[in-house]
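Trainee: Build me a model:
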Amino acid sequence: MATTHAAPTTVRGPSLPLSLTPDFLQRLTTRVSAAPNAARVTTSAPYTGVPLADLPVSTPGDVEAAFVRARAAQKSWAATPITERKRILLRYHDLVLARQDEALDLMQAENGKTRRDAFLEVVDIGIVSRYYARNAAKYLSPKRRKGAIPLLTHTTELRHPKGVVTVISPWNYPLSMAASDTIAALLAGNAVVQKPDTQTALTALWSMDLMYEAGLPEGVWQMVIGRGSSIGGALMDNADYMMFTGSTATGRQIASDAGRRLIGASLELGGKNAMIVLDDADIEKAADGAVAACFPSAGQLCVSIERLYVAESVRDEFVAAFTARTEKLRIGAAYDYSVDVGSLTTPAQLKTVTEHVDDAVAKGATVLAGGKARPDLGPLFYEPTILTGVTPDMTLHSHETFGPVVSVYTYRDVDDAVAQANATAYGLNASVWSRNGARGRAVAARVHAGTVNVNEAFAAAWGSVDAPMGGMGDSGLGRRHGADGILKYTEPQTVAHQRVQGFTPPARVSPETWAALLTGALKVLKAAGVR
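Mentor: You can find the predicted model right below:
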């Protein structure tokens, strides 16, 4: 049964920011690769449900045409010196920061998140564009490799762009996911044909428009709009590489289709992420961290925490502190920094969150905070929710909710905590809290997740863009960020130049004698420590 709890502070806001004028929105929609007489689709603003954008819908033929244009543009783009590609990305970096208010307004209007959550996407793109602009030349430059025969074999590893990359990006982080993967693909010399989620297509179009303003040659980045069931086949059939962020079910289908075509794919999929509060954690900091881990973007974040494991000895203290902070969160709509939690993005997401919580409560879970929708604030608002007493027969125990809902569990010892955290098919992100950094890192290394943060929710690992980021198990395959994040968009080529003598015996030397000589040489090389 639900317990009585205080309602979060609520804030109302305007329906749409004044900056989103019809002319501004119309200009962005002209960037869609679609026929002049294309069918149209209208999106709505999550805060209020009012119509927001009127977008042209691309057909499979439009996708085919976009790939033709992209392939033509990619040839000269690949031949563009990396120093020029770098200059374009650094100009893009500056434009994103200078024009961030446009992006913030768009993200809030399309997604319903708070301004502070939207701002983190601006920060993310600033970090990623700067990182790859500064490091792409190092990753992509020819590398000397050890040759088969020392001194006689000159071996070089080259990196060639894949060609045209398909990027399919989701609605939950419309700037980060639209731009960060594309940045690396472009710097590697590829062209990109992208399908953003229709709900947040304006933000993706804004990003692409800014990249062209920064100097990207026309045609290198194409944008198509439509349902996967309509244009997904054309996107797959023409791609030289697939980059997808979204559901595990769709990711499995893309992996299967990519395997059929023998092309590469990188997939960031779902998560049921765990946070472990050790018995020596700073409880006040851990409670603050839990709020930051569970409720950003109304919980619609692939790396947010949905499972909290707390040591029995500190359980009551932690839960009290966490619940008190959650109840003080300001929930509402505002195009400024005055609220803490915004709206869910789609009716489907509200339906999922509501069903998960109602199912849990009906089966005996206790609501410590939140637990209900807030139609008084807008059509898609749901209170930040903490549950306890969640059992395996409840849907949200194992299934991703993707909303502002977290379940609290206890554990006996560290082995039990790690076992419970790892009892999932997913493995995307996790968080560990301890006053002892070495202890926290040791526990983190035992958690089955692609990224694990110590005394942080997710931003530390996500923002460390020199390190790879991605999932294990049902959370996907492949990595973004770091060397992996750009090299996946390239084809490695080995060029080996053999000089003087190779592996075949020279004239007048019998095969038996040559085999004995090579055997002796191998023994000498091993004794000399040659790798």
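
Trainee: How about the residue nearest the centre of the chain, nearest residue that isn't a chain neighbour?
Mentor: Centrality entry for the chain: nearest residue to the mean C-alpha point is M177, 5.7 Å, by CA atoms, centre = their mean. Distances taken as CB to CB, 6 or more residues apart in numbering place S169 nearest to M177, at 4.2 Å, with adjacent residues excluded. Quick note: C-beta positions are derived from backbone N, CA and C, even for glycine.

Trainee: what sits against that neighbour?
Mentor: 177-178, 181, 194-197, 204, 245 (CB atoms under 8 Å, 6 or more residues apart in numbering).

Trainee: on that earlier part again, you'd agree the residue nearest to the centre of the chain is in a helix?
Mentor: Yes: the assignment for M177, made by DSSP: H, G, I helix; E, B strand; the rest coil, places it in a helix.

Trainee: I'd say it and M243 touch.
Mentor: No: applying CB atoms under 8 Å, one finds M177 not in contact with M243, separated by 9.7 Å.

Trainee: For D474, which three-state class applies?
Mentor: When classified by three-state DSSP, D474 comes out as helix.

Trainee: Which residues are in contact with it?
Mentor: Per CB under 8 Å, 6+ apart, neighbours of D474: 248, 269-270, 425-427.

Trainee: Among those residues, which ones are in helices?
Mentor: T248 (DSSP state H).

Trainee: from the contacts of D474, which single one is nearest V50?
Mentor: G270 (30.4 Å; CB to CB).

Trainee: Pretty sure that closest one sits against G427.
Mentor: No: the criterion here is CB under 8 Å, and G270 misses it with G427 at 10.3 Å.

Trainee: For those two, list the residues in contact with both.
Mentor: Going by CB under 8 Å, 6+ apart, residues that sit against G270 and also against G427 are 474-475.

Trainee: could you dump stretch 316-336 to CSV, C-alpha only?
Mentor: In CSV, the C-alpha atoms belonging to stretch 316-336 read as follows (Å, rounded to 0.1, in the frame of the first residue of the first chain):
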residue,chain,number,x,y,z
ASP,A,316,17.1,3.9,7.4
GLU,A,317,19.4,6.9,7.5
PHE,A,318,19.9,6.9,3.7
VAL,A,319,16.2,6.4,2.8
ALA,A,320,15.1,9.2,5.1
ALA,A,321,17.7,11.6,3.6
PHE,A,322,16.9,10.5,0.0
THR,A,323,13.2,10.8,0.5
ALA,A,324,13.4,14.2,2.1
ARG,A,325,15.4,15.5,-0.9
THR,A,326,13.1,14.0,-3.4
GLU,A,327,10.0,15.6,-1.9
LYS,A,328,11.7,19.0,-2.1
LEU,A,329,12.3,18.7,-5.8
ARG,A,330,10.5,21.4,-7.9
ILE,A,331,8.5,19.8,-10.7
GLY,A,332,7.0,21.8,-13.5
ALA,A,333,7.4,23.6,-16.8
ALA,A,334,9.7,26.6,-17.1
TYR,A,335,12.1,27.9,-19.8
ASP,A,336,14.6,28.9,-17.2
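
Trainee: average pLDDT for that stretch?
Mentor: Summarised as a single mean, pLDDT over stretch 316-336 is 97.

Trainee: And stretch 463-476, by the same measure?
Mentor: 97.

Trainee: how long is it end to end?
Mentor: Using CA to CA, to the nearest Å, the span of stretch 463-476 from its first residue to its last is 19 Å.

Trainee: quick one, strands of the stretch 151-300 of the chain?
Mentor: Using DSSP state E, counting those that start in this stretch, the strands of the stretch 151-300 of the chain run over 153-161, 164-169, 191-196, 221-223, 241-245, 264-268, 273-277.

Trainee: any chance of these in a markdown table, plus distance to L25 and mean pLDDT?
Mentor: Listed next are these as a markdown table, based on distance: least, CB to CB, whole Å; pLDDT from 0 to 100:
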| stretch | distance to L25 | mean pLDDT |
| --- | --- | --- |
| strand 153-161 | 33 | 97 |
| strand 164-169 | 19 | 98 |
| strand 191-196 | 15 | 98 |
| strand 221-223 | 15 | 98 |
| strand 241-245 | 25 | 98 |
| strand 264-268 | 29 | 98 |
| strand 273-277 | 35 | 98 |
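
Trainee: most packed of those strands?
Mentor: Stretch with highest mean neighbour count among these: strand 273-277 (a mean of 29; mean count of other CB atoms under 10 Å).

Trainee: ok so, going back, how far away is the residue nearest to M177 from D197?
Mentor: Distance of S169 to D197, computed by CB to CB, to the nearest Å: 7 Å.

Trainee: now D393
Mentor: 33 Å.

Trainee: Give me the more crowded residue out of the two.
Mentor: Ranked by neighbour count (other CB atoms under 10 Å), D393 and D197 place D197 first, with 25 against 10.

Trainee: L89 is nearest to which of the strands of the stretch 151-300 of the chain?
Mentor: strand 221-223 (12.3 Å).

Trainee: which other helices and strands contact the closest one?
Mentor: helix 60-79, strand 191-196, helix 201-213 (3 or more CB pairs under 8 Å, 6 or more residues apart in numbering; DSSP states H and E).

Trainee: so can I have TSV of the ones you listed showing distance to L380?
Mentor: Listed next are these as TSV, based on distance: least, CB to CB, whole Å:
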stretch	distance to L380
helix 60-79	30
strand 191-196	20
helix 201-213	18
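
Trainee: Deepest-packed of those, please.
Mentor: By mean count of other CB under 10 Å, the helices and strands packed on strand 221-223 have strand 191-196 as the most buried, with a mean of 26.

Trainee: Buried residues, stretch 433-445. List them.
Mentor: For stretch 433-445, the neighbour count (16 or more other CB atoms under 10 Å) marks 433-434, 440, 443-444 as buried.

Trainee: How about stretch 337-357?
Mentor: In stretch 337-357, the ones that count as buried by 16+ other CB under 10 Å are 339-346, 349-350, 352-354, 356-357.

Trainee: Select, from those, the two members most distant in space.
Mentor: Among the buried residues of stretch 337-357, V339 and H356 lie farthest apart (CB to CB), at 23.6 Å.

Trainee: What's the per-residue pLDDT of the residue nearest to the centre of the chain here?
Mentor: 96.

Trainee: and it, how far is that from Q222?
Mentor: Relative to Q222, and taking CB to CB, M177 is found at 17 Å.

Trainee: do G482 as well
Mentor: For G482 relative to Q222 (CB to CB), the value is 27 Å.

Trainee: M107 too?
Mentor: M107 is 22 Å from Q222, by CB to CB.

Trainee: Kindly report the same for A234.
Mentor: For A234, the distance to Q222 - CB to CB - is 12 Å.

Trainee: can you check C302 too?
Mentor: Taken as CB to CB, the span from C302 to Q222 is 25 Å.

Trainee: can you check Q199 too?
Mentor: 20 Å.

Trainee: Low-confidence stretches in the stretch 1-150 of the chain?
Mentor: 1-14 (pLDDT under 70).
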